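> output the structure for:
(one chain, ligands or ions: 1)
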Amino acid sequence: MKFLVNFHVLEYRNNSTNVAISINVHVPKLQNVLSFCFSESVITMCQHTLKSNLKNRFGYVFEGLDKAGNSTLLNRIYTELYITEGTPAEVSCKHEVKLIERAFLRPTKPELTIRREDIFKCSTGRDKPVRTVMTEGVAGIGKTVLTKKFALDWAEGNIYQHIQFIFPLSFRELNMLMREKFSLVELIHLLFPEIKEAGIHIFEEFRVLFIFDGLDECRFDLDLKTKEVLTDVTEPASLDVILTNLMKGKLLPSAQVWITTRPAAAHQIPPELVDLVTEVRGFNDPQKEEYFRKRFTEKEESRRIISHINSSRSIFIMCHIPVFCWITATVLEDAIKTNQERDLPKSLTEMYVYFLVVLSKVKNIKYDGRTDIDTFWTPETKDTIQSLGKLAFEQLMKGNLFFYESDLTECGIDVRAASVYSGVFTEIFQEERGLFHENVFCFVHLSIQEFLAALHVHLTFTNTGINLLAGEESASTTFEDFHQCAVDKAVQSPNGHLDLFLRFLLGLSLETNQTFLQGLITVKGSESSSSQNTVQYIKKKIGENVCIMKNNNLFHCLSELKDCSLVKEIQAILRPGKLPADKLPPAKWATLVNIILSSKEKLDEFYLNKYFESDNAATGLLSCCNLTDMSCSGLASALQSKCLLLKELDLSNNDLKDSGVKLLCEGLRSPHCTLETLSLSGCLITKEGCADLVSSLRLNPSHLKKLDVSYNHLEECGVKHFSTGQKDLKLALQTLTLDPSSTHKNLILSDNNRKVTVGGEQQPYPDHPERFDVLEQLMCADGLTGRCYWEVEWRGKVHIAVTYRGIKRKGENDDCSLGKNDESWSLLCSDDGHSGLHKNEMASIYGALSNRVGVYLDWPGGILSFFAVSSGKMTHLHTFHAKFTEPVYPAFRITTQPTGSSLFFSHIL
Ligand SMILES: Nc1ncnc2c1ncn2[C@@H]1O[C@H](COP(=O)(O)OP(=O)(O)OP(=O)(O)O)[C@@H](O)[C@H]1O
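Reported below is the predicted structural model:
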């Protein structure tokens with residue numbers, strides 16, 4: 001019998017080696033062996049070709065202006081991105097501008113970061129293997145570059161070599177196929193001809209990863225809930241059916257799938273289909289600097305650029321978006337080259353105006369062969385920008401980020417000119433493919449669309465007096481009316497889609513920006529009275545507005561208008577420790593936050609408590625702010641506000657007491673309260689406050705997921721309230737526990753490590769470097785840096801102390817002995833009375849003697865106080881004042897004489 005393996009001639013271009021294979025096999029017994037060996041080598045060669053094609057495709061990237069000219073090596077410019085890991089339930093539909101704003105804020109909980117190369121790794125924390133990963137991120141944050149780098153790393157043999165085929169696809173390409181029918185195999189063959197040429201039709205036996213980049217650009221219906229089922233990889237179907245089934249795991253269940261998307265489109269994939277959600281958050285601060293160091297290899301140049309970026313808070317913040325880094329780099333490079341360093345752009349509008357100027361200059365020199373760089377606004381350039389502006393505005397109002405050639409033609413844009421303008425426009429297809437006929441366009445970043453839209457609206461108003469924002473292109477009389485109308489529109493927009501647009505529109509009214517664009521726009525400047533009226537109008541809106549996000553944006557508008565009056569007003573009362581509660585109405589808190597963030601201080605140093613004299617604030621980070629029970633009514637009304645979408649509130653280490661908690665509960669009971677995490681650690685709450693908390697959480701059980709009531713005075717029965725309260729609530733009730741490994745061998749721990757007695761003989765504890773070996777001492781396992789209260793019952797003779805962790809453990813010198821060195825503070829308790837001991841200096845204490853001692857630590861305030869507790873009454877014994885520089889640990893010493901000495905922690909919750 002003749003067995004014929006009838007392959008097409010296979011052609012592999014590997015450097016200059018061409019290999020042609022055609023095989024006839026006549027010996028049936030050898031069939032299996034040979035076909036196995038053959039297919040192994042075919043697969044290896046096919047992989048090799050795929051990898052080398054991917055290296056060609058992704059080894060170089062075109063960054064904006066370079067598109068028509070030189071490309072850049074991806075490995076040379078690639079800067080690590082900050083990627084966080086979430087859970088599928090966190091698939092979001094947040095608005096992009098808000099996500100950008102979020103970069104301003106300090107994270108209130110630790111974030112789980114993930115490295116690029118670990119995205120598909122099985123980690124111990126995951127309960128099942130990762131099949132489908134969804135990566136979210138706002139426009140220009142680096143999702144596409146991330147997937148390219150991933151595929152390139154694979155092609156270069158650096159990561160995931162157990163995956164046999166990676167197929168990177170973009171929805172931009174796939175949109176072009178939405179009217180066709182293919183089987184999955186045909187689709188792969190069409191897009192990866194090397195696979196077809198190798199004759200590979202079966203993928204079930206291979207490890208395959210599909211990368212789908214840009215779900216937000218998908219123009220066909222991906223209705224994952226209702227689509228028909230498709231399991232056969234050779235059965236033709238429409239693209240939506242193929243993709244839906246691939247994502248659901250019905251089609252080629254062995255394959256892995258990676259989808260990237262802007263946040264607004266993420267909800268299209270139901271969470272149950274996603275094993276892992278990651279979010280690209282752009283560059284963190286060190287990564288921003290690394291980007292510029294890679295981009296500017298000359299040390300002095302990169303130093304100057306980084307120092308300029310650091311000097312402008314709003315530019316520094318925006319630089320967490322890689323595409324904005326690229327814009328900034330382009331602008332600053334030009335400014336330095338042309339010696340305009342002194343006037344480097346500081347506001348966003350200035351940066352974008354400059355960017356447009358750079359693009360036009362480059363276009364003139366590179367494409368039109370001009371040398372007269374001073375007259376860069378040629379009639380053609382002006383026409384293109386005006387048409388782009390029209391397109392940007394019309395599509396922004398419709399909420400569109402992607403446009404087809406027909407949209408461009410409607411706005412009078414010559415498609416060729418638009419492609420040349422690649423810094424503004426990106427032609428979406430891989431040109432080398434030549435597979436599709438229709439081109440799709442978008443602005444490289446939403447902010448560029450918003451800038452050009454604002455330019456268009458500004459130009460239309462100055463040239464014709466028509467206010468495009470006022471409905472039916474109505475004529476508006478003054479600049480002032482025009483701007484007020486824009487402010488109103490932006491404030492009313494429910495999703496903030498006109499926020500950046502408004503910033504640019506107001507920025508364009510400045511004469512300095514207009515002068516820069518002279519030739520493109522007529523310099524009119526804004527009359528100072530009208531500009532002043534706009535400023536007053538914005539300030540009035542800030543006063544009225546309770547929505548923090550809106551206020552943030554209005555504050556940015558004032559900086560675009562270079563108005564510092566509000567900043568000065570607030571700065572006048574903003575002195576560390578001097579901010580009186582009643583001077584700022586709640587609506588101005590957002591402005592205050594912005595002022596602090598816009599200052600040159602680093603984000604890490606932003607703690608509101610530094611500015612407080614006392615109460616009154618509605619923000620998430622209010623730990624150690626000297627808030628009292630009086631502050632809580634303000635907080636409660638803030639929690640009841642519809643506009644305050646506060647998820648986390650840290651009120652730890654404030655003297656709220658039960659009365660404060662009672663007031664706060666009013667807010668917690670409100671259906672508008674969105675709090676998910678509340679920290680009331682160290683707030684002097686007792687079982688009464690605890691009962692109030694439990695009852696209000698019962699009334700409004702939907703939101704709060706985590707409550708920290710550690711270091712309060714709850715007593716056992718208070719804790720019981722909680723255990724009979726909400727089932728789903730994660731409760732933090734941190735207790736102080738004694739550390740057995742520090743405990744001297746003569747001491748016996750019992751009662752859940754809360755009771756310490758002296759034993760008759762040494763205990764068989766193992767040797768440990770942290771064990772006190774001569775002095776009968778021991779300490780707690782956890783260090784404290786907040787405010788905390790605990791009580792101790794004692795018998796015989798004991799030291800009740802706190803110490804730094806570094807206290808010596810071996811021997812009996814003063815550096816081991818509690819209270820005899822500068823690392824520990826101790827209260828000596830015996831039937832003879834109490835005395836304080838620090839640095840071996842004894843402080844006599846007269847008066848009350850009690851076998852129950854209360855210890856109050858206020859670490860940030862540098863206070864350690866001891867009280868005699870008797871019949872519910874507390875009598876002050878002694879206070880140490882210290883500037884604590886490290887966490888302190890509760891510690892004890894129990895003397896063996898008199899016998900029977902012991903101590904017992906109580907109320908240590
Ligand atoms: N890791 C990186 N290192 C260096 N530059 C980067 C990196 N990521 C992104 N960039 C720059 O930012 C630009 C935009 O990135 P990218 O296209 O990946 O964004 P995106 O998140 O896919 O945006 P969109 O949602 O608009 O498609 C790139 O062209 C490049 O100039």
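> need the mean per-residue confidence for stretch 300-315.
When pLDDT is averaged along stretch 300-315, the result is 82.
> please read the previous query as pertaining to stretch 835-855.
Here the average pLDDT along stretch 835-855 is 86.
> ditto for stretch 165-176
Taken as a whole, stretch 165-176 carries a mean pLDDT of 89.
> please apply the same query to stretch 813-822.
If you average the pLDDT over stretch 813-822, you get 94.
> and for stretch 864-871?
Mean predicted confidence for stretch 864-871 is 85.
> how far is that stretch from where the chain is centred?
Offset of stretch 864-871 from its chain centre (CA atoms, centre = their mean, to the nearest Å): 45 Å.
> for stretch 190-200, same thing?
For stretch 190-200, the distance to the chain centre is 40 Å (CA atoms, centre = their mean).
> likewise stretch 398-417?
33 Å.
> please work out which residue of the stretch 251-400 of the chain is closest to the ligand.
Distances between the stretch 251-400 of the chain and the ligand by CB to the nearest ligand atom are smallest at Pro322, namely 3.3 Å. C-beta coordinates here come from the backbone N, C-alpha and C atoms, glycine included.
> can you check the stretch 701-850 of the chain too?
Closest point on the stretch 701-850 of the chain to the ligand, by CB to the nearest ligand atom, is Lys705, at 30.1 Å.
> the strands in the stretch 51-200 of the chain, which residues?
60-61, 72-73, 83-86, 132-136, 165-170, 181-182 (DSSP state E, counting those that start in this stretch).
> comparing those, which comes out most buried?
strand 132-136 (a mean of 24; mean count of other CB atoms under 10 Å).
> contact partners for Tyr537?
Glu480, His483, Gln484, Val487 (CB atoms under 8 Å, 6 or more residues apart in numbering).
> please repeat the previous calculation with a cut-off of 6 Å.
Residues in contact with Tyr537, defined by CB atoms under 6 Å, 6 or more residues apart in numbering, are Gln484.
> quick check, it in a strand?
No: counting by DSSP: H, G, I helix; E, B strand; the rest coil, Tyr537 is not found in a strand; it is helix.
> per-residue pLDDT, it?
92.
> next one: the one 3 residues further on
Lys540 carries a pLDDT value of 86.
> what's the first helix or strand after whatever helix or strand it lives in?
In this assignment (DSSP states H and E), Lys540 forms part of helix 528-544. Following helix 528-544 in sequence order, the next helix or strand is helix 548-560 (DSSP H and E).
> in terms of secondary structure, what does that next one contact?
Packing partners of helix 548-560 (3 or more CB pairs under 6 Å, 6 or more residues apart in numbering; DSSP states H and E): helix 499-507, helix 528-544, helix 589-598.
> make it 7 Å
If contacts are counted by 3 or more CB pairs under 7 Å, 6 or more residues apart in numbering; DSSP states H and E, helix 548-560 sits against helix 96-102, helix 499-507, helix 528-544, helix 589-598.
> ok, Ile163 - contacts?
Trp154, Arg207, Leu209 (CB atoms under 7 Å, 6 or more residues apart in numbering).
> quick check: phi and psi on it?
phi -80, psi 130 (degrees, to the nearest 10).
> if we can go back for a sec, out of the strands of the stretch 51-200 of the chain, the one nearest Leu903 is which?
strand 83-86 (44.4 Å; CB to CB).
> that closest one close to the ligand?
No: interface with the ligand: strand 83-86 contributes nothing (CB under 6 Å from any ligand atom), its closest point being 10.3 Å away.
> average pLDDT for that strand?
Averaged across strand 83-86, pLDDT comes to 84.
> which other residues reach that strand?
Strand 83-86 has contacts (CB under 7 Å, 6+ apart) with Glu111, Leu112, Thr113, Ile114, Arg116, Leu276, Val277, Thr278, Glu279, Val280, Arg281.
> the stretch 601-750 of the chain: strands as residue ranges?
Counting by DSSP E, counting those that start in this stretch, the strands of the stretch 601-750 of the chain are 648-650, 677-679, 706-708, 730-732, 747-750.
> quick check: residues of the stretch 701-850 of the chain near the ligand?
Counting by CB under 6 Å from any ligand atom, no residue of the stretch 701-850 of the chain is near the ligand.
> okay, angle between the helix holding Lys540 and helix 499-507 too, please.
Counting by axes from the mean of the first three to the mean of the last three CA atoms, to 10 degrees, helix 528-544 points 150 degrees away from the direction of helix 499-507.
> how about the residues of the stretch 151-300 of the chain near the ligand?
Going by CB under 6 Å from any ligand atom, the residues of the stretch 151-300 of the chain near the ligand are Gly214, Arg262, Tyr291.
> where along the stretch 251-400 of the chain do the helices fall?
285-295, 299-311, 313-318, 322-337, 348-366, 379-398 (DSSP state H, counting those that start in this stretch).
> alright, calling it a day.
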